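> Any chance you can model this:
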Amino acid sequence: MEKLLVNVFLVTLLVCLGHNVEGLGVNWGDITSHKLPPKDVVKMLQENGIKKVKLFNNDETILNALAGTGIEVMIGISNQLLKDLVNPDVAKKWVKENVTSYEPKSPKGVNITLVGVGNEPFLRDYKDTLTNVTGPALENIQNALNDAGLGDTTKATVPLNADVYLSPSYNPVPSGGFFRADIVDPLNYILKVLNKNKAPFMVNIYPFLSLFYGNGAFPFDYAFFDGVSNPLKDKDGVEYTNCFDANLDTCAAALAGAGYGNMTIMVGEMGWPTDGNNYANVTLAEKFYKGFVSYLAKGKGSPRRPGNVEAYIFALFDEDRKSTLPGNFETHWGLYYDDGTPKFPLDLHGNKKNLVPVPNVEKLSKKWCVIKPDVKNFTDVMTYACDRADCTPLTNGSSCQNLNDAAKASYAVNAYFQNSQQKDDSCNFEGKATVTTKDPSQGTCNFTIGFKSLTSISPSPSPLPSSDHSDAKAPSPSSSTSPSTPTFLAMGISFLVSLFFM
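As a prediction, the model looks like this:
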């Protein structure tokens with residue numbers, strides 16, 4: 001008995017003294033007007049002990065920076081390429097150029113362990129355009145990896161949206177999970193390929209989106225990891241105190257129902273934005289991430305999937321050139337601001353060491369662009385500036401929503417000014433703006449200062465054109481790093497809401 005108590009004490013002590021979240025990685029997107037040097041970003045990853053990175057493409061500069069580090073890398077194939085990859089020869093060429101060439105089995109190479117074939121291709125917004133090509137593309141990529149002698153260490157998978165599974169209205173609990181009827185056949189194709197090659201099933205889970213699209217009906221605390229007073233009750237006395245576990249187990253039940261109950265589940269995206277909505281702020285993001293890291297560190301897993309959970313945080317950095325079609329929070333998913341500064345303290349390993357910034361980032365001068373006090377009409381100025389810089393903090397529910405109209409215009413022209421690397425001609429706007437050395441930040445609204453970037457995408461000079469303003473920052477709505485559009489309704493919000501309020 002004494003020996004048992006000692007062992008329990010030692011285990012408890014180890015948990016209290018520290019933890020190590022081995023299964024935690026990060027999504028590194030690059031839809032930004034100012035890119036940090038990849039080598040410096042990799043130094044930051046190493047300093048923070050982050051050993052897994054998920055990319056949405058195969059950027060050569062990023063991959064070269066990751067070479068020789070041992071960091072596990074997942075590269076991505078865009079949805080636009082899926083139709084071409086139905087041709088096995090195209091798949092072989094792609095693997096040769098984007099995987100084999102980086103020598104993933106060499107200590108000096110890039111440790112590519114996963115290839116993401118498309119991104120959320122079964123979203124209803126795609127109207128079945130990718131439904132019948134995703135499986136063959138996946139199979140051809142995996143076969144090409146196998147033929148290249150890489151299949152044992154590099155697996156192909158398809159990152160899927162969590163709306164591919166749900167629970168029935170008559171049994172709205174995780175154990176009733178099943179796959180959507182409209183994609184059963186193409187999904188079974190994918191599952192057979194994954195199972196044959198021992199590759200993971202990858203799904204993107206966003207408790208934030210459950211809260212966002214719940215329109216006030218989704219239980220707030222259920223999006224976090226602190227527990228709830230009214231847990232979701234499943235059969236056999238199983239209770240769910242957070243959205244993540246319930247979502248994961250709905251997926252597990254769907255896999256079991258399809259005949260793949262032992263298939264590994266990997267969470268491809270999981271995060272919380274910090275601006276652009278009432279629920280998107282630094283305080284709630286910090287609460288979410290600290291709860292999630294603690295959850296992972298315990299290694300308990302979910303009721304149906306006990307043990308360690310592998311997940312990739314979405315995302316490493318804010319991305320100011322992303323489409324805001326899903327919501328104004330889309331440009332604010334980063335753990336870090338775009339200048340490589342952590343948004344809040346976060347200890348990933350229980351050693352009382354918080355996230356460190358990206359090294360060697362040189363901030364621009366402490367000066368800002370603001371609207372002159374005597375200017376009364378600045379609508380055209382705001383339109384022009386916001387077409388070319390990120391003004392989402394000005395929207396309802398965001399960090400700068402309480403500014404008066406003049407201050408909002410100043411925020412817009414400053415965002416443009418910093419985006420233009422503080423060039424002399426970028427703070428004029430036909431004489432309506434001027435440069436100041438007094439920080440105009442107010443309350444929660446931070447007027448940022450830019451940083452020197454060799455890869456910046458400079459907007460046009462500030463003089464207003466007479467022609468229509470083109471949107472210089474918004475990529476295609478099908479951008480591969482965008483979490484899901486409103487069709488997401490994470491984990492079947494309707495059945496969760498009905499369960500809590502029936």
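> Confirm residue 369 sits in a strand?
Yes: under DSSP: H, G, I helix; E, B strand; the rest coil, residue 369 sits within a strand.
> Tell me the spacing between it and residue 177.
According to C-beta to C-beta, to the nearest Å, residue 369 and residue 177 sit 52 Å apart. No exception for glycine: its C-beta is placed from N, CA and C like everyone else's.
> can you pull out the strands in the stretch 151-300 of the chain?
155-157, 159-161, 165-166, 178-179, 201-204, 232-233, 239-240, 265-270 (DSSP state E, counting those that start in this stretch).
> Taking the centroid of the protein, which residue is nearest it?
Nearest to the geometric centre of the chain sits residue 314, at 2.3 Å (C-alpha atoms, centre = their mean).
> mind giving me CSV with the strands of the stretch 151-300 of the chain and columns for mean neighbour count and distance to residue 308?
Listed next are the strands of the stretch 151-300 of the chain as CSV, based on neighbours: other C-beta atoms under 10 Å; distance: least, C-beta to C-beta, whole Å:
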stretch, mean neighbour count, distance to residue 308
strand 155-157, 24, 18
strand 159-161, 26, 20
strand 165-166, 24, 22
strand 178-179, 19, 25
strand 201-204, 25, 16
strand 232-233, 16, 23
strand 239-240, 18, 19
strand 265-270, 24, 11
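> With mean pLDDT and distance to residue 395 added, can I get those in JSON lines?
As requested, the strands of the stretch 151-300 of the chain are exported to JSON lines (pLDDT from 0 to 100; distance: least, C-beta to C-beta, whole Å):
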{"stretch": "strand 155-157", "mean pLDDT": "99", "distance to residue 395": "35"}
{"stretch": "strand 159-161", "mean pLDDT": "98", "distance to residue 395": "25"}
{"stretch": "strand 165-166", "mean pLDDT": "97", "distance to residue 395": "31"}
{"stretch": "strand 178-179", "mean pLDDT": "98", "distance to residue 395": "36"}
{"stretch": "strand 201-204", "mean pLDDT": "99", "distance to residue 395": "24"}
{"stretch": "strand 232-233", "mean pLDDT": "95", "distance to residue 395": "33"}
{"stretch": "strand 239-240", "mean pLDDT": "98", "distance to residue 395": "33"}
{"stretch": "strand 265-270", "mean pLDDT": "98", "distance to residue 395": "23"}
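> What residue spans form the domains of the chain?
Domain assignment of the chain by automatic domain parsing yields the ranges 2-331, 368-436.
> Distance from the longest one to the middle of the chain?
Right, the one you point to is domain 2-331. Put simply, domain 2-331 sits 9 Å off its chain's centre (C-alpha atoms, centre = their mean, to the nearest Å).
> Could you list which residues are in contact with the nearest residue to residue 378 once chain neighbours are set aside?
Counting by C-beta to C-beta, 6 or more residues apart in numbering, residue 409 is the residue found nearest to residue 378 once chain neighbours are left out, at 4.0 Å. Shown in contact with residue 409 (C-beta atoms under 8 Å, 6 or more residues apart in numbering): 371, 375, 378, 381, 382.
> out of the residues you listed, which are inside strands?
Per DSSP state E, strands hold the following members of the contacts of residue 409: residue 371.
> where along this protein do the helices fall?
For the chain, the helices defined by DSSP state H cover 2-17, 38-47, 60-66, 88-98, 134-147, 184-196, 207-213, 243-257, 282-298, 379-387, 405-419, 493-501.
> quick one: pLDDT of the residue nearest to the centre of the chain?
With respect to pLDDT, residue 314 scores 98.
> Reformat the helices of the chain as JSON lines; add mean pLDDT.
Below are these laid out as JSON lines (pLDDT from 0 to 100):
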{"stretch": "helix 2-17", "mean pLDDT": "43"}
{"stretch": "helix 38-47", "mean pLDDT": "98"}
{"stretch": "helix 60-66", "mean pLDDT": "98"}
{"stretch": "helix 88-98", "mean pLDDT": "99"}
{"stretch": "helix 134-147", "mean pLDDT": "99"}
{"stretch": "helix 184-196", "mean pLDDT": "99"}
{"stretch": "helix 207-213", "mean pLDDT": "96"}
{"stretch": "helix 243-257", "mean pLDDT": "98"}
{"stretch": "helix 282-298", "mean pLDDT": "97"}
{"stretch": "helix 379-387", "mean pLDDT": "96"}
{"stretch": "helix 405-419", "mean pLDDT": "98"}
{"stretch": "helix 493-501", "mean pLDDT": "45"}
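> In a markdown table, list those helices along with distance to residue 276.
Below are those laid out as a markdown table (distance: least, C-beta to C-beta, whole Å):
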| stretch | distance to residue 276 |
| --- | --- |
| helix 2-17 | 36 |
| helix 38-47 | 24 |
| helix 60-66 | 26 |
| helix 88-98 | 33 |
| helix 134-147 | 30 |
| helix 184-196 | 32 |
| helix 207-213 | 10 |
| helix 243-257 | 20 |
| helix 282-298 | 12 |
| helix 379-387 | 14 |
| helix 405-419 | 14 |
| helix 493-501 | 20 |
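> out of the domains of the chain, which comes closest to residue 361?
For those, the distance to residue 361 is smallest for domain 2-331, at 6.7 Å, taking C-beta to C-beta.
> what number of residues lie near residue 430?
By other C-beta atoms under 10 Å, the residues close to residue 430 number 12.
> With residue 300 instead?
Residues contacting residue 300 under the criterion other C-beta under 10 Å number 13.
> Residue 431 - how many residues pack around it?
Residue 431 is flanked by 9 other residues according to other C-beta under 10 Å.
> Look up how far residue 49 lies from the closest residue in space to residue 199 that isn't next to it in sequence.
Once flanking residues are discounted, residue 199 sits nearest to residue 155: 3.8 Å by C-beta to C-beta, 6+ apart. Separation of residue 155 from residue 49 (C-beta to C-beta): 24 Å.
> same question, residue 356
Taken as C-beta to C-beta, the span from residue 356 to residue 49 is 10 Å.
> How about residue 262?
Distance check for residue 262 against residue 49: by C-beta to C-beta, it reads 30 Å.
> quick one, which of those two is more surrounded?
Shown here are residue 262 and residue 49; by other C-beta under 10 Å, residue 49 has more neighbours (14 against 9).
> How confident was the prediction at that one?
What the model reports as pLDDT for residue 49 is 97.
> Quick one: neighbours of the closest residue to it other than its chain neighbours, just the number.
Nearest residue to residue 49, sequence neighbours excluded (C-beta to C-beta, 6+ apart): residue 349, at 5.5 Å. When neighbours are counted by other C-beta under 10 Å, residue 349 registers 17.
> farthest pair in the contacts of residue 409?
The two members of the contacts of residue 409 with the most space between them (C-beta to C-beta) are 375 and 382, at 11.4 Å.
> out of the two, which sits in the busier spot?
Set side by side, residue 375 and residue 382 show more neighbours around residue 382, with 21 against 18, by other C-beta under 10 Å.
> any idea how far the more buried one lies from residue 438?
Using C-beta to C-beta, one obtains 21 Å as the distance from residue 382 to residue 438.
> now residue 300
51 Å.
> In contact with the residue nearest to residue 199, which residues?
113, 114, 115, 142, 145, 197, 198, 199, 200.
> Straight-line length of stretch 105-118, end to end?
24 Å (C-alpha to C-alpha, to the nearest Å).
> wait, stretch 410-427
End-to-end distance for stretch 410-427, by C-alpha to C-alpha: 10 Å.
> Name the residues of that stretch that are buried.
Residues of stretch 410-427 classed as buried by neighbour count (16 or more other C-beta atoms under 10 Å): 410-420, 422, 426-427.
> now do stretch 63-74
63, 65, 66, 67, 69, 71, 72, 73, 74.
> likewise stretch 34-41?
For stretch 34-41, burial by neighbour count (16+ other C-beta under 10 Å) applies to 34, 35, 36, 37, 38, 40, 41.
> Which of the residues you listed sits closest to residue 26?
residue 41 (10.2 Å).
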